[in-house]
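Colleague: 3D model of this:
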Amino acid sequence: MFSEFCGLPLRADLAETKERVRELERRPAAVPAVVHPAPPPAPVSHTVTVHFPFNSAHFQPTAAQEAELLPLLANVRRIEVRGRTDAERPSAGDERIALKRAQAAMNYLVARGVPATKVSVNYLSGGDHVAEGGTAVGRAQNRRVEIEVFNQ
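Modeller: Alright, predicted model coming up:
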């Protein structure tokens, strides 16, 4: 486009270039995109539920539950153990059972190398049901410990 004389642009080409610069300067400046940092990742957790016979606090996970739980313990950040009963209303006896269930699960975890400081225990003697309590099957599903393992 440029007309050259001894390798240098001529004045007409220089004037054209200056006009193009002025035109670009009149345009609104492009607003840079606002980049927000990504939020921290949500904690990754996995829950294993172990059920209990009526009025029992004997923690005995099945082979399948152990196969699911034990690999999660390798890089554990924290664990929440929740002991529950099938009671419709809280009572002192059910509270003891719920606590003993949670403690039994915690003892199991500690025996497998999890530091006790990484395990929190929560228990509730009535409510927080996962099934209707009107049937034997529903009550059995409510007698449980939930072990929630956080690895991040």
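Colleague: contacts and neighbour counts: CA atoms only from here.
Modeller: Fine.
Colleague: ok, residue 83 - contacts?
Modeller: By CA atoms under 8 Å, 6 or more residues apart in numbering, residue 83 lies in contact with 98-102, 121-124, 144-146.
Colleague: mind checking what secondary structure it has?
Modeller: Applying DSSP: H, G, I helix; E, B strand; the rest coil to residue 83 yields a three-state assignment of strand.
Colleague: which strands and helices sit next to the helix ranked longest in the chain?
Modeller: Of all segments of type helix in the chain, defined using DSSP state H, the longest is helix 92-111. Judged by 3 or more CA pairs under 8 Å, 6 or more residues apart in numbering; DSSP states H and E, the packing partners of helix 92-111 are strand 78-87, strand 119-126, strand 144-150.
Colleague: go with 10 Å
Modeller: Applying 3 or more CA pairs under 10 Å, 6 or more residues apart in numbering; DSSP states H and E, we find helix 92-111 packed against strand 45-51, strand 78-87, strand 119-126, strand 144-150.
Colleague: closest one to residue 61 among those strands?
Modeller: Proximity to residue 61 (CA to CA) singles out strand 45-51 among those, at 5.9 Å.
Colleague: that closest one to helix 92-111, inter-axis angle?
Modeller: Angle, strand 45-51 to helix 92-111, by axes from the mean of the first three to the mean of the last three CA atoms, to 10 degrees: 120 degrees.
Colleague: give me the sheet partners of strand 45-51 and which way each runs.
Modeller: Counting by DSSP bridges, the strands paired with strand 45-51 are strand 144-150 (antiparallel).
Colleague: burial count for the closest residue to residue 45 other than its chain neighbours?
Modeller: Spatially, and ignoring its direct neighbours in sequence, residue 45 is nearest to residue 150 (4.3 Å; CA to CA, 6 or more residues apart in numbering). Neighbour count for residue 150, taken as other CA atoms under 10 Å: 19.
Colleague: got a list of what residue 150 touches?
Modeller: For residue 150, the contacting residues are 43-47, 72-73, 75-80, 118, by CA atoms under 10 Å, 6 or more residues apart in numbering.
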